[in-house]
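Peer 1: need coordinates for the following:
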Amino acid sequence: MKRFVVLLLLASSPALAQRITTWQGYSAEATAGATASLTPDGPQLAGGLPKSGWKTLEVHADAGPRVKFLERTDGLRLMLYIDRSSLVPFTLRGAKLSPTPEGLDKPLDAFTPGMIMRAGIKLDEMEPAENGRTKVRFGWRWAGGSFEVTGYVMTDKIGPIYRTAIGDYVPFDPNVTVPGNFELLDAPKGKPFVVSKSKQRFELMTLKRKAGFSLVRTGQGAVGWLPTKLTKPIHRVDGAEDGVEGGVMGGVGGGGGQGAPTLPDKTPVYDSINGTFVGETDAWFHEKPVEEVQGWLRFEIKTRFGMATVWARKP
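Peer 2: Alright, predicted model coming up:
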């Protein structure tokens, strides 16, 4: 019995703190103003996520109403919790979009008007689901242009947490360009479901032609019809191509302090003295403690969601 008690005490000791779990590639995005906490039931960090800036979350556990994610600060990796209701909707693996709700009842391949969607496309608008289908709108915007898609997706292929994979992308080998302001139709002489507005020409991949119309695919993966007369062949010269290239912008910059670190690499940190494990330092943790109590150091850490108070044992 004595041995059992000793082992139980050791298991709860900060010296044997749990480590940050390995990320499995699941991501999410928080809405502006969303708040987070150091523990599932702990107080919210003051401030909330600002409107501008990086909103992507590295999700490590999504069981229950509070989602656990990794927050990286200068020299520290913190595990925070956020309400699932604070996450925005995305397409999940295997999602397909059709211009009409009936189109989802038919096989949809890479040559059918619509879109085989990769996981992680952010949905800007959603209408209430009907018969297991949801009408959505999403797109991409940049300086001088936009690209918007409207259609129907199976409701069970929409969620707040997604996992991307290389296999999600369909082949794209552009061979024509079109004016930046174009529409993709669900059929020759049909209705538009993709609207592009750009000052530059767009590169497209021709799939087939029919009665003055071309079935094309965009770099984003959308397939639809447009008048063939709008297309202009790409002439390759020494590996170069006419037209314009598209891309995805995004990313996060970072920095760090200088001088000797104030705590060793992988030092566990807690929400209070002898409290709950909430993260660890990296090799370049330079924050200075604001208080020392009985061999414990208190730090005030700036995160995207506000200031967090953490504690670590004095080295």
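Peer 1: make it CA atoms for all contacts and neighbour counts henceforth
Peer 2: Will do.
Peer 1: thought Arg133 was touching Pro101?
Peer 2: Yes: Arg133 is within contact range of Pro101, at 6.8 Å (criterion: C-alpha atoms under 8 Å).
Peer 1: for these two, list the residues in contact with both.
Peer 2: Residues touching both Arg133 and Pro101 by C-alpha atoms under 8 Å, 6 or more residues apart in numbering: 152-153.
Peer 1: for Ser98, see how far away the nearest residue in space to Thr91 that is not next to it in sequence is.
Peer 2: Spatial nearest neighbour of Thr91, excluding adjacent residues (C-alpha to C-alpha, 6 or more residues apart in numbering): Ile158 at 4.7 Å. From Ile158 over to Ser98 the distance is 14 Å, taken as C-alpha to C-alpha, to the nearest Å.
Peer 1: these two: who's more crowded?
Peer 2: Neighbour totals were compared for Ile158 and Ser98, and Ser98 leads with 26 against 22 (other C-alpha atoms under 10 Å).
Peer 1: isn't that one right next to Leu104, touching?
Peer 2: Yes: between Ser98 and Leu104 there is a contact at 6.0 Å, judged by C-alpha under 8 Å.
Peer 1: and for the two, which residues touch both?
Peer 2: A shared contact of Ser98 and Leu104, defined by C-alpha under 8 Å, 6+ apart, is any residue touching both; here these are 152-153.
Peer 1: thinking again about what came up before, any idea how far the residue nearest to Thr91 lies from Thr22?
Peer 2: With the distance defined as C-alpha to C-alpha, Ile158 ends up 25 Å from Thr22.
Peer 1: again with Ala211
Peer 2: On the measure of C-alpha to C-alpha, Ala211 and Thr22 end up 54 Å apart.
Peer 1: ok, the residue lying closest to Pro179 once chain neighbours are set aside to Val176 distance?
Peer 2: Ranked by C-alpha to C-alpha, 6+ apart and with sequence neighbours excluded, the top spatial neighbour of Pro179 is Arg201, at 4.6 Å. Arg201 sits 10 Å away from Val176 when distances are taken as C-alpha to C-alpha.
Peer 1: what does Ala28 give?
Peer 2: As defined by C-alpha to C-alpha, Ala28 lies at a distance of 35 Å from Val176.
Peer 1: ok, back up a step: local confidence estimate at the residue nearest to Pro179?
Peer 2: Per-residue confidence (pLDDT) for Arg201: 95.
Peer 1: quick one, what contacts Thr267?
Peer 2: Listed by C-alpha under 8 Å, 6+ apart, the contact partners of Thr267 are 280-282, 312.
Peer 1: for these, which single residue is the most surrounded?
Peer 2: Greatest neighbour count in those, by other C-alpha under 10 Å, goes to Ala312: 26 neighbours.
Peer 1: list the buried ones in the helix or strand encompassing that one?
Peer 2: Using DSSP states H and E, Ala312 sits in strand 306-313. Within strand 306-313, the residues scored as buried using 16 or more other C-alpha atoms under 10 Å are 306-308, 310-313.
Peer 1: from those residues, which two are the most distant?
Peer 2: Gly306 and Arg313 (23.1 Å; C-alpha to C-alpha).
Peer 1: hey, what's the closest residue to Gln44 other than its chain neighbours bridged with?
Peer 2: In space, and not counting its chain neighbours, Gln44 is closest to Ser37: 4.6 Å by C-alpha to C-alpha, 6+ apart. Applying DSSP bridges to Ser37 yields these beta-bridge partners: Gln44, Tyr81.
Peer 1: can I see the domain layout of this protein?
Peer 2: In the assignment given by automatic domain parsing, the structural domains of the chain cover 14-88+260-313, 90-159+176-232.
Peer 1: can I get these in CSV with distance to Asp168?
Peer 2: As requested, those are exported to CSV (distance: least, C-alpha to C-alpha, whole Å):
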stretch, distance to Asp168
domain 14-88+260-313, 14
domain 90-159+176-232, 5
